[in-house]
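> sequence and predicted structure, then a few things I'm wondering about:
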Amino acid sequence: MTLDLAQAAAFLKLHPHTVQQRARAGIIPASKPGRRWVFLQHELEAYLLRCRSTSEGPPGGSTSPTMASDIDVLLRQVIEKRPCASTTSSASSSDASSRVVRTFYGACQAWLAVARRDAADDYRLTKLKKRYHDRALHLVTVESLADALPDSSSGTFNRYANLVTAVLTLAGHPVKIPRRHTPPGRVRWLTREEWNRLRKQLPPHQRAMAAFALATGLRQANILRLEWSQVDLKRRVAWIHADQAKSDKALGVPLSDEAVRVLRAQIGRHQQWVFPYHGRAVTEIKTAWAKALARAGIERFTWHDLRHTWASWHIMAGTPVEVLQKLGGWADIRMVLRYSHLDPGYLSQWSNNAKPRSVTRTVTRTGGL
């Protein structure tokens, strides 16, 4: 049985922060296949037994049940919640053996089943399985993965490497894949004239999505999976749920006049999806997008650069970086400062501060005249 951080903390009678610290230090058995910690109940039980055998409680601090009697209470609670061992020992052992991950494809399925995953990760695993044939887990090596990981860019390679590492770590077969250096690049954004050229070349369904991206700054996944239940045209607001946001926090999106215009044009196309294509949600943007870019004569531009364009246009129009951070849902202000160079004017009010200051001396006389 898998547990999340809160469940593991309740199981061990510890504060979640304490469990997280000890898991990170390797004291408590756990894995972190993505952004969240995952614990296996039988490993936590074994951890308690080890603590009991040392008669000193869980190592690492006094906030845990440090007395052996306290650990006995926890272990008795675990045993009482189990089915009778005399009647189900063989069945439980067979169930446990059936859950053992033995192949790479099995590891992928186990990773997807542990927690809700992003659609992009699901897509990457599906694409990877087309390039990497299934095999026994112990045969999955760095060398065998070399030809399967995409080589289009360092960033793409590292994203796939992170995903494979998470999958194999959860399966108990950690493989260290060397990451590639990704030098900081320039922010790529469209001028108004470039956008007009691109807009004319895009197919209608992508034209609407691109216009909405430039009006809201939403990421591609949030636009592709946007549902009408997340839109309120009367209040002129849309929202992204916490499990859909990159920052894991719900995001409210104020809708501009252009965003409202795009959404009104989409009404009636599908009951659930805001931007459907042939009655279904769009799963990827690739071929038609690349052809439109070529016809428009635009190079080195990705869909995510629409978000860069949105932020750049905001900065050049005078939007404060603090406001832009909230509009874009960035957790770190440093991500927004990448665009600040596009409007040096926001610093001009302080540019004259570096100048010589005249010093006025005040002489105080004491005594009589």
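That came in fine, so what should we check first? Residues are numbered from 1 along each chain as shown.

> where does the protein have low pLDDT?
Scanning the chain for pLDDT under 70 picks out the ranges 33-34, 49-100, 184-185, 344-351, 355, 357-369.

> now the residue sitting nearest the centre point of it: how far from residue 331?
By C-alpha atoms, centre = their mean, the chain has its centre lying nearest to residue 246, at 4.1 Å. To residue 331, residue 246 is 8 Å away according to C-beta to C-beta, to the nearest Å. (Glycine included, C-beta is placed from N, CA and C.)

> dump the residue contacts of residue 279.
residue 270 (C-beta atoms under 8 Å, 6 or more residues apart in numbering).

> and for the residue nearest to the centre of the chain, nearest residue in space, chain neighbours not counted?
Nearest non-adjacent residue to residue 246, counting by C-beta to C-beta, 6 or more residues apart in numbering: residue 219, 6.7 Å away.

> again, but for residue 312
Nearest residue to residue 312 in three dimensions, chain neighbours excluded: residue 189, at 4.0 Å (C-beta to C-beta, 6+ apart).

> ok, now residue 280?
residue 273 (7.5 Å).

> got the phi/psi numbers for the one you found?
Dihedral pair for residue 273: phi -90, psi 140, per degrees, to the nearest 10.

> likewise for residue 231?
Phi and psi for residue 231, reported as degrees, to the nearest 10, are phi -130, psi 140.

> picking up where we left off before, surely the residue nearest to residue 280 is in contact with residue 227?
Yes: judged on C-beta atoms under 8 Å, residue 273 makes contact with residue 227 at a distance of 6.3 Å.

> the two: who's more crowded?
When residue 273 and residue 227 are compared for neighbours, residue 273 comes out ahead with 18 against 14, by other C-beta atoms under 10 Å.

> where does the residue nearest to the centre of the chain sit: helix, strand or coil?
Residue 246 carries the three-state label coil when classified by DSSP: H, G, I helix; E, B strand; the rest coil.

> do you know how far it is from residue 11?
According to C-beta to C-beta, residue 246 and residue 11 sit 30 Å apart.

> after the longest helix along the chain comes which helix or strand?
Determined from DSSP state H, the single longest helix within the chain is helix 154-170. As assigned by DSSP states H and E, the chain's next helix or strand after helix 154-170 is helix 192-201.

> so which elements touch that next one?
Applying 3 or more C-beta pairs under 8 Å, 6 or more residues apart in numbering; DSSP states H and E, one finds that helix 192-201 contacts helix 204-216, helix 287-296.

> pick the most buried one from the ones you listed.
Mean neighbour count (mean count of other C-beta atoms under 10 Å) peaks for helix 204-216 among those, with a mean of 20.

> neighbouring contacts of the helix or strand just after that one?
Next along the chain after helix 204-216, taking DSSP H and E as the criterion, comes helix 220-224. Contacting residues not belonging to helix 220-224 are listed as 118-120, 209, 212-213, 240, 244-245, 275, 281-283, 285, 303-304 [C-beta under 8 Å, 6+ apart].

> sheet partners, orientation included, of the following helix or strand past helix 220-224?
Once helix 220-224 ends, the next helix or strand along the chain (criterion: DSSP H and E) is strand 231-232. Using DSSP bridges, strand 231-232 pairs in its sheet with strand 237-240 (antiparallel).

> still on that earlier bit, which ones are touching the residue nearest to residue 312?
Residues in contact with residue 189 (C-beta under 8 Å, 6+ apart) are 305, 308-309, 311-313.

> residues in contact with the helix or strand containing residue 326?
Assigned by DSSP H and E, residue 326 falls within helix 321-328. Outside helix 321-328, the residues that touch it by C-beta under 8 Å, 6+ apart are 217, 253-254, 307, 310-311, 314-315, 319, 333, 335-337, 339-340, 346.

> buried ones in that helix?
Neighbour-count burial for helix 321-328 flags 321, 324-325, 327-328 (criterion: 16 or more other C-beta atoms under 10 Å).

> from these, pick the one nearest residue 2.
Distance to residue 2 across those (C-beta to C-beta) is lowest for residue 328, with 33.5 Å.

> and the closest one, how far from residue 250?
From residue 328 across to residue 250, the span is 14 Å (C-beta to C-beta).

> great, nothing more from me.
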